[in-house]
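Chemist: fold the stuff below for me.
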Amino acid sequence: MTPTAKRQAFRLGHLAETLCLWYLRLKGYRILAQRFRVPAGEIDLIARRGALLVAIEVKARADLASAAEAISHRQRRRVARALDYFLATRPDLAGLSRRFDVMLVVPRRLPRHLIDAWQSELH
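Modeler: Sure, this is the predicted structure:
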């Protein structure tokens, strides 16, 4: 991937995350972190809704099928490990139920929110 293509992909990803952030806020979620990164992995968005803590992976692609296919098994493990790190920094949230969601972003459509997209193998 060329440096120009990397910059464009980064901008597209950032725009998709921002769109999803506002979409989730309108649905009643409180955003706790955006682009949370640790050595074990990263989470695009971390949100809370009532007694539920949600790690959200955002995928922006040309179509829904390729966006959905872009989430690998390895990536799911990294998100789960990153959520463990996040909870270690926020013991006040440890009692909340955890969920892993995916938001798919394609041109000219509202984001598609896939609730409870996978279960963590770490717990």
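
Chemist: give the buried residues for the lowest-mean-pLDDT helix or strand in the chain.
Modeler: Least confident helix or strand, the chain: helix 64-69 with a mean of 77, by mean pLDDT, DSSP states H and E. When burial is assessed from 16 or more other Cβ atoms under 10 Å, helix 64-69 yields the following buried residues: residue 67. C-beta: built from backbone N, CA, C; applies to glycine.

Chemist: again, but for stretch 79-88
Modeler: Neighbour counts over stretch 79-88 (16+ other Cβ under 10 Å) mark 79-83, 85-87 as buried.

Chemist: tell me the one of those residues nearest residue 34?
Modeler: Of all these, residue 34 sits closest to residue 86, with 11.9 Å by Cβ to Cβ.

Chemist: about what we covered before: run the chain-centre distance for the least confident helix or strand of the chain.
Modeler: Relative to its parent chain, helix 64-69 has a centroid offset of 15 Å by Cα atoms, centre = their mean, to the nearest Å.

Chemist: same check on stretch 58-73?
Modeler: Using Cα atoms, centre = their mean, the distance between the centre of stretch 58-73 and that of its chain works out at 12 Å.

Chemist: measure it end to end?
Modeler: Terminal residues of stretch 58-73 lie 15 Å apart, using Cα to Cα, to the nearest Å.

Chemist: quick one: contacts of it?
Modeler: Contacts with stretch 58-73, where a contact means Cβ atoms under 8 Å, 6 or more residues apart in numbering, come from 12-13, 15-17, 20, 44-45, 57, 102-107, 111-112, 114, 117-118.
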